[in-house]
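In: pasted the sequence and its predicted model underneath.
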Amino acid sequence: MKGTTRFRHLLNSPDILVLPGAHDALTARIISQCGFKAYVAGGYSATAGLLGAPDISQLSMTEMADFYARLSDASPLPILADADTGYGGPANVVRTVRAYERAGVAALFIEDQVFPKRCGHMEGKRVVPRTEWLEKIKAALDTRVDHDLVIMARTDAIAVTGIDEALDRARLALEIGADLLFIEAPTDIEQMRRICSELDGLTLANNVEGGRTPFLSAPELQAIGYAAVAYPVSATYTIAKAVHELMAALASDGTTLSMAERMVTFEEFNRMVGLDEIRAQETACSVFAKSISDSSG
């Protein structure tokens, strides 16, 4: 089954879809090894990993498409990808959707912030007029070659013009065909309940540690009515803390021995990244080549 089709089925299943966030190709591989069914990979983590910088529209569309291609190679799981504001107008959205489809994503979302956008839980966000955003969503829907590719409409209007405007925008996106709705950064549980009860489409919750939205468990969010929940930055924050502690220990002690119990071993890491499978493939190719050579000689 195609990744796009699998992602659609997971969204429509009775249980909420839990989407851990991949920081990079290694974490994408680890996510697949831990039994998850799909994952999200956003610009926040990609910008941190590739540039060591904040999520303020510093990566280009082609850089993000390349990022997703690498993740697709590392893990077979469906990816929910971040297409930011579409990187321009409708024509730019067309190019974005084509590049993301080639990269192998199963779903993508386009938001209504003014470019350059900010992380959804930062201050100072601004949104474009409704029609400008809806044009981009329509362009994405019309461009996709694989009609199972999920197009998610994201609005950040709560922080700018309030919950009623955010709901109105989500309804309009649903009306033109958006497959999944994401109202970013509700500030209380009542707003979250309104999102799920007043919208007829599937909705996604965003669990950002330290963010503006109440941090609820997956079962709690399912009870409210969400179809999916993303944990987009958890791995990034964990990596940042762990590496900071490692480097502080090395700077202080001149050795990393105090951190050894928090590391995987050499052999464990080799298994994690699939070295055994690569060696087995190399051996099989070598045996095959030798048999052909011997039979012809």
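Out: Right, received. Where do you want to start? Numbers count the residues shown, from 1 in each chain.
In: report the mean per-residue pLDDT for the helix ranked longest in the chain.
Out: Longest helix in the chain by number of residues (criterion: DSSP state H): helix 275-296. Helix 275-296 comes out with an average pLDDT of 85.
In: do stretch 251-262 as well
Out: 96.
In: before we move on, what about stretch 87-102?
Out: In this model, stretch 87-102 has a mean pLDDT of 97.
In: contacts for it next, please.
Out: 60-62, 65, 68-69, 81, 83, 86, 108, 110, 115, 132, 135-136, 138-140, 143-146, 149 (C-beta atoms under 8 Å, 6 or more residues apart in numbering). Where you see a C-beta, it was placed from the backbone N, CA and C, and this is true even at glycine.
In: one more time with 6 Å
Out: Outside stretch 87-102, the residues that touch it by C-beta atoms under 6 Å, 6 or more residues apart in numbering are 61, 65, 81, 83, 86, 108, 135-136, 139-140, 143-145.
In: how close does residue 39 get to residue 244?
Out: 24 Å (C-beta to C-beta, to the nearest Å).
In: and these two? which has more neighbours close in?
Out: Shown here are residue 39 and residue 244; by other C-beta atoms under 10 Å, residue 39 has more neighbours (25 against 10).
In: surely that one meets residue 30?
Out: No: look at residue 39 against residue 30 with C-beta atoms under 6 Å: they stay out of range, at 10.1 Å.
In: the stretch 151-297 of the chain: strands as residue ranges?
Out: Taking DSSP state E, counting those that start in this stretch as the test, the strands found in the stretch 151-297 of the chain are 180-183, 204-206, 228-231.
In: which ones among the contacts of stretch 87-102 lie within helices?
Out: Among these, the ones falling in helices (DSSP H) are 61, 65, 135-136, 139-140, 143.
In: widest-spaced pair of these?
Out: Across the ones in helices among the contacts of stretch 87-102, the longest distance by C-beta to C-beta is 21.4 Å; it joins 65 and 135.
In: higher neighbour count, these two?
Out: More crowded of residue 65 and residue 135, by other C-beta under 10 Å: residue 65, with 21 against 17.
In: just for the stretch 51-200 of the chain, where's the confidence low?
Out: 118, 120, 122 (pLDDT under 70).
In: for residue 111, grab phi and psi.
Out: phi -110, psi 170 (degrees, to the nearest 10).
In: quick one: contacts for it?
Out: Residue 111 touches 85, 154, counting by C-beta under 6 Å, 6+ apart.
In: go again using 10 Å as the cut-off
Out: Applying C-beta atoms under 10 Å, 6 or more residues apart in numbering to residue 111 gives the contacts 82-86, 117, 120, 125, 127-128, 133, 136-137, 152-157, 182, 184.
In: can you say which of those are buried?
Out: Using 16 or more other C-beta atoms under 10 Å as the burial test, the contacts of residue 111 include 82-86, 117, 120, 125, 127-128, 133, 136-137, 152-157, 182, 184 as buried.
In: domain parsing for this protein?
Out: In the assignment given by automatic domain parsing, the structural domains of the chain cover 3-232, 264-296.
In: distance of residue 188 relative to residue 163?
Out: 10 Å.
In: now do the shared contacts for those two.
Out: Shared contacts of residue 188 and residue 163, counting by C-beta under 10 Å, 6+ apart, come down to residue 194.
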